[in-house]
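> Predicted structure and sequence below. I'll ask about it afterward.
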Amino acid sequence: METAAKGLSPLEYTTMLVTAIVGNIMFVWPHHVVSAAGENALGSIVVLIAALMLSGLLHHHAVWRATRHRLTRCLLTSAAGLSLTLVVGVDLALLALLLQLMGTLFYADTPRWALLLPLLGIMIWGAGIRLDALGRLTQLWVPLGGTMLAFVSAVALIHATHLRPLWPQNWYLTPMGHGIANMAHLMLPVGPAVVVLAPRVNAARHIVRRAFLVAAGTISVMLLTIYALVMMMLGPNAIVQLHWPLVYSLETITLDSTFFISRMGLAVIFLWTAVVVLSFATHLRLIMQWLLPRRATPPIWGIGGLGLLYSLAVVAFPTPSSATRWILHTLDPIALGYLILQHGLLAVWLGIDSLAQRRRQRTRTIAPIQE
Amino acid sequence: MTRRLRWAAALCTALALLTGCWDQRPVEGRGVVESVGVAPTATPGVRQWTFVFPNPTESVSNLGTLPPDQNLYALAVTARTWTTALLKVQQQSTRDLYFGQFRVLVLSPRLSASTWARLITTFNRSGRILKTFYVVAGDPAGLVAQTPTLSEGGPFYGLFKLLACHCQPFMFGQRAWQVWDRLKTPGVSPVVPLIRVSASEILENRQIAVLGPKTVIPWSPAASAGWAYLTQHVVKGALTVTVDGQRIGLNRLHGSSHVTVVADAAGTRVVDRLSYRAALEDVPPTLRLTPAEKTAIAQAASHALLRLGDQAVRAAEREQVDPFGWHREAQWARNAPGSPWPMPVSWTGWTVDLTAKVHIANEGVSQ
């Protein structure tokens, strides 16, 4: 598990983490959290961001411990496998939602499978190249998508007039808790991404940890900005009625009274679709890396098989409502329970381990005096 | 080499498949719908739907020569629902109806509020229709949709320009997503401009209509102006005041309205501070404009502004609507759940405190 010859750079690691964790939820977010928490969603998001950072740091600690401790390595690898299985479940629903978004807003006459095929092709290609090449791809597209999103959001700010729901006078804990539960699926890729990628970064440990913190910071800024923008434009009551609140907000930006440009938001939607597809590719790649850790590029039958599994999304989720229901009512409760259990056990295990280590060290230092 | 050939073959296939030629429809095959007008008919439940299109004979070469009344053409059908209307119009048209350039939805204020809500929700739900078109109340709806403006020739649609030009005294125009957002948010009544056709067949944009719980309520021009001042929808307002028996005009009013909504056990209190700047140009030649006279004019203008605001608030109270969104603010401040429109708006226990200050910022070039 030590540094590989051709590993990732810290920046590639950062962008890969951003892609793997929030890449594919951008369009549907923040519908899930606002539907449960209403105006208290801000509290839920802040707690989630804190949890995300803690989870990442815990996993980094565990990964470095695992380099010299076989049992920790075993535990981590099995936990990552379980998380990845759940990630596939979330991905299927999110892929269905992406296809439905494209079919509803842009390609009304194109059959779903025709939309799926090129996406699947790019996903399989992205997952089939070397890890550092995929890292470089995310290093290109994440800043591009982020900059475009920031620019268009800044234009959309002229419509952001409702400051009140951003900071309510009363905070209610129960809906806030429900909001956190509804975002549990967001936490799933954190563990496996750190476990699989962190040992492959060509940098000192403190740099790797810093790269993760930069990724977590970027994710926080993105989530908070999108939340603020959508909330200030539409308010908590309208967001929950929309399948793709961010896309809807971007669709409202127009310069038709001055120029002929009427759909400025399209630029960011098309650009961000590249990041969404890369996100699926990164997940596929993480799975293959987990299954076959020693191979530089995964075998085509492996990613092809997984790609076929992903194409089930079209059949499994015929409507946006069914996909959203699957995430909220089936996967989120499982993910929440699993994540609490996994992190709890990992923390306890690392605690016991460090205690035992300390005791060993003490015995070692005391032993010569006794002799 | 075989590997390269395989790549080239895959690329060529992709290029051939992804051109979009298979299901393309050229622009001359499309009927670009500029606006739709919906009005009630004598039969209950049956509506008249007027679809307005740009004249297809209009081209770059004849843009300047085509008279304004030939810029548009309309197809009208009667139907109970939007779906049937769409079907009937398509059956009359040789072009594929296209909503990618949809500009204005004109609804008759005589239609019930629930019909309005239904149509706005339907148009918002459709992915094929842009969310940035305007929703207006038009009386009569069909005529408003197809009346061209004298000042606007092709390829512009006059009614759209009237709302989007940012040249009107008051910005009454509301985009569809804003109207829909208000429809889904408790404590705020959707507002749309009320467009009428004058006797000389010219479009007028002087009033607003407010979506009440059951009907659509047209507001008077004064109350509409009051709404614009209170909600900061003023581009270049104008006031005429009488000081010492002389009529004085103030132009280019613009400024801000600072609203605070405080809800507590005693009730809800709204404090709205209007602060507007104006140009003083239209004065009688005998007026010397001493500081005392200027103060008197500014005070009279402030009072006039307050009267307009007062008319708007009284109209809201009378009709039990809230086009200002103050109930929404109170609702959000309490962070309490509420059912969306048509949640009854109640002004019981509310105190509205209006203050206005008009500052004369420009006196013209001469004494």
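Ah, there it is. Numbering: from 1, shown residues only, chains lettered A, B, ... in the order given.
> where does the stretch 1-150 of chain B have low pLDDT?
Residue ranges of the stretch 1-150 of chain B with pLDDT under 70: B:1, B:18-23, B:58-64.
> can you do 50?
Along the stretch 1-150 of chain B, the model assigns pLDDT under 50 to no residue.
> same question, the stretch 151-300 of chain A
Judged by pLDDT under 50, no stretch of the stretch 151-300 of chain A qualifies at all.
> Give me every residue in it lying close to chain B.
Residues of the stretch 151-300 of chain A lying close to chain B by Cβ under 8 Å from any Cβ of the partner chain are A:162, A:164-165, A:168-172, A:233-238, A:241, A:248, A:251-252, A:254, A:256-257, A:262-263. Where you see a C-beta, it was placed from the backbone N, CA and C, and this is true even at glycine.
> Can you turn the buried part of these into a PyMOL selection?
Restricted to buried positions by 16 or more other Cβ atoms under 10 Å in any protein chain shown, the PyMOL selection for those reads:
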select buried, chain A and resi 162+164+165+168+172+233+234+235+236+237+238+241+248+251+252+254+256+262+263
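> So which of the residues of the stretch 151-300 of chain A next to chain B belong to helices?
Judged by DSSP state H, those include A:233, A:234, A:235, A:236, A:237, A:238, A:248, A:251 as members of helices.
> which residues does the fourth one contact?
Translated: residue A:236. A:34, A:38, A:39, A:41, A:165, B:332 (Cβ atoms under 8 Å, 6 or more residues apart in numbering or on different chains).
> contacting residues for residue A:253?
A:152, A:155, A:156, A:159, A:263, A:264, A:265.
> Determine which two of these are furthest apart.
A:159 and A:263 (14.8 Å; Cβ to Cβ).
> Name the SS class of residue A:27, please.
coil (DSSP: H, G, I helix; E, B strand; the rest coil).
> wait, residue B:217
Applying three-state DSSP: residue B:217 is strand.
> My guess is it contacts residue B:209. True?
Yes - Residue B:217 lies in contact with residue B:209 (Cβ atoms under 8 Å); the separation is 6.5 Å.
> Between the two, tell me which one has more neighbours.
residue B:209 (26 against 22; other Cβ atoms under 10 Å in any protein chain shown).
> interface residues of the stretch 101-250 of chain B facing chain A?
Going by Cβ under 8 Å from any Cβ, the residues of the stretch 101-250 of chain B near chain A are B:101, B:127-128, B:130-132, B:164-166, B:175, B:177, B:180-181, B:184-186.
> Just the ones of the residues you listed in strands?
If you go by DSSP state E, these have nothing in strands.
> which among those gets closest to residue A:108?
For these, the nearest to residue A:108 is residue B:128 (5.7 Å; Cβ to Cβ).
> how close does the closest one sit to residue A:359?
69 Å (Cβ to Cβ, to the nearest Å).
> now residue A:159
Relative to residue A:359, and taking Cβ to Cβ, residue A:159 is found at 61 Å.
> Same question for residue B:155.
83 Å.
> go on, residue B:278?
82 Å.
> Those two: who's more crowded?
residue B:278 (25 against 10).
> Residue B:248 is in contact with that one, correct?
No - contact criterion Cβ under 8 Å: residue B:278 and residue B:248 do not qualify, at 10.6 Å.
> Now intersect the residues of the stretch 101-250 of chain B next to chain A with the helices, please.
Short answer: these in helices (DSSP H) are B:164, B:177, B:180, B:181.
> Report the contact partners of the nearest residue to the last one once chain neighbours are set aside.
Take residue B:181 and drop its neighbours on the chain: the residue closest to it by Cβ to Cβ, 6 or more residues apart in numbering or on different chains is residue A:238, 4.7 Å away. Contacts here follow Cβ under 8 Å, 6+ apart; on that basis residue A:238 touches B:180, B:181, B:184, B:185.
> Turn those residues into JSON lines, columns for neighbour count and pLDDT.
Shown next, in JSON lines, are the contacts of residue A:238 (neighbours: other Cβ atoms under 10 Å in any protein chain shown; pLDDT from 0 to 100):
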{"residue": "B:180", "neighbour count": "25", "pLDDT": "96"}
{"residue": "B:181", "neighbour count": "25", "pLDDT": "94"}
{"residue": "B:184", "neighbour count": "23", "pLDDT": "92"}
{"residue": "B:185", "neighbour count": "25", "pLDDT": "90"}
